[in-house]
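[1] Predicted model follows, preceded by the sequence.
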Amino acid sequence: MRMDSPDKRILTVFLVTAFLGAGALGAAQALTPLSPDLLTLNQFGPAVGVGSVALLWPARVRVLLAGAVSGRGAGAGRGGLLLAAAPLIVVSAAAVCAALGGEAAAALPYSPFALLVVAQFAGACGEEIGWRCLMQPLLGERFGTLAAAVMVGLVWGAWHVQVFAGHPAYAAAFVVMAVALSVVMAVALDGMGAPRLLFAGGFHALVNLGMAVAMNEEAGEVLPMSALAVAATFAAFLWIAGRRETRTGRGARTSGAVAAGDAR
């Protein structure tokens, strides 16, 4: 299934401006007193991308972002499960890492911690307004939820260009983790009527905070990142299985209702 030409242009402009915007913001951060331990400005690169395409295709972007912030309706329960999944992924990864001889992070990455929580949530939303609220539905319309989630995850992983300066196994594990987390979020947010950005940003921020507190993957060590990749992949399979079970149940109920109607 091919994308329409307007959507190809939207995707191209979004990606170019998201990558270039992140680079420019990263360079600008060096000129500010803002600590990267608190917040990295390049997280707002995808938001720059969304702003760019919104200026050029406002009507289409409004459709893609519909309900991202002000949505109401079904899905809040799934959103709650999504938020709960974040610490479970990190804790299980930390446990595996510790069992294999890895070291857990012992110190808080920034103080006061409350300020770090707010900053990380803001930065996560700066990313997710682009990845999960614009790019995921844009690709999902053409390729389906799961295929789109894999595509977004690959781009999301590649967007973190700094990880490729380290060990190849570390970079590979990071990309696997990014794809798996992308699948988890895409399945949880699919068809959600509640505000998608808040749940996607919350999940993203909780994962980042959990890794900062409980893991030392930022040091470039392969073991903790591999443990995170495995835990995220396991979570993705659980969400996919739950999605299929829900769809099967709905199909069975629909078939039963149709049969009952025919019998009458």
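    Looks like it arrived, so ask away.

[2] Could you list the low-pLDDT ranges of the stretch 101-250 of the chain?
    104-109, 216-219, 245-250 (pLDDT under 70).

[3] what do you get if the cut-off is 90, keeping everything else the same?
    Scanning the stretch 101-250 of the chain for pLDDT under 90 picks out 101-113, 165-166, 191-194, 211-222, 242-250.

[4] ok, which stretches of the stretch 51-200 of the chain are helices?
    58-64, 76-99, 113-130, 136-143, 145-159, 168-189, 196-214 (DSSP state H, counting those that start in this stretch).

[5] For those, give me JSON lines that also has mean neighbour count and distance to residue 228.
    Using the backbone N, CA and C atoms, a C-beta is placed for each residue, glycine as well. Converted to JSON lines, the helices of the stretch 51-200 of the chain look like this (neighbours: other CB atoms under 10 Å; distance: least, CB to CB, whole Å):
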{"stretch": "helix 58-64", "mean neighbour count": "14", "distance to residue 228": "30"}
{"stretch": "helix 76-99", "mean neighbour count": "18", "distance to residue 228": "4"}
{"stretch": "helix 113-130", "mean neighbour count": "20", "distance to residue 228": "16"}
{"stretch": "helix 136-143", "mean neighbour count": "20", "distance to residue 228": "21"}
{"stretch": "helix 145-159", "mean neighbour count": "20", "distance to residue 228": "12"}
{"stretch": "helix 168-189", "mean neighbour count": "23", "distance to residue 228": "5"}
{"stretch": "helix 196-214", "mean neighbour count": "22", "distance to residue 228": "7"}
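
[6] need these in CSV with distance to residue 16, can you?
    What follows is the helices of the stretch 51-200 of the chain, written out as CSV (distance: least, CB to CB, whole Å):
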stretch, distance to residue 16
helix 58-64, 16
helix 76-99, 30
helix 113-130, 12
helix 136-143, 15
helix 145-159, 12
helix 168-189, 20
helix 196-214, 22
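
[7] Quick check: which of the ones you listed is nearest to residue 4?
    Closest to residue 4 of the helices of the stretch 51-200 of the chain is helix 136-143 (CB to CB; 8.1 Å).

[8] How far does that closest one sit from its chain's centre?
    15 Å (CA atoms, centre = their mean, to the nearest Å).

[9] Now do that helix against helix 113-130, angle only.
    30 degrees (axes from the mean of the first three to the mean of the last three CA atoms, to 10 degrees).

[10] mind checking how far the closest residue to residue 89 other than its chain neighbours is from residue 225?
    Closest residue to residue 89 apart from its sequence neighbours, by CB to CB, 6 or more residues apart in numbering: residue 231 at 4.8 Å. As judged by CB to CB, to the nearest Å, residue 231 and residue 225 stand 11 Å apart.

[11] who's more crowded, the two?
    Counting neighbours by other CB atoms under 10 Å for residue 231 and for residue 225 shows that residue 225 has the greater number, 29 against 22.

[12] Tell me which residues touch that one, please.
    Going by CB atoms under 8 Å, 6 or more residues apart in numbering, residue 225 touches 170, 173, 174, 177, 217.

[13] SS state for residue 37?
    coil (DSSP: H, G, I helix; E, B strand; the rest coil).

[14] surely residue 158 meets residue 175?
    Yes - the pair residue 158 / residue 175 is scored as a contact, 7.3 Å apart, by CB atoms under 8 Å.

[15] who touches the residue nearest to the spatial centre of the chain in this structure?
    With distances taken as CA atoms, centre = their mean, the residue of the chain nearest its centroid is residue 182 (4.7 Å). Applying CB under 8 Å, 6+ apart, we find residue 182 in contact with 131, 132, 136, 149, 150, 152, 153, 156.

[16] need the contact list for the residue lying closest to it once chain neighbours are set aside.
    With CB to CB, 6+ apart as the measure, residue 153 is the residue that lies nearest to residue 182, at 3.1 Å, once sequence neighbours are left out. Residue 153 makes contacts with 175, 178, 179, 180, 181, 182, 183, as judged by CB under 8 Å, 6+ apart.
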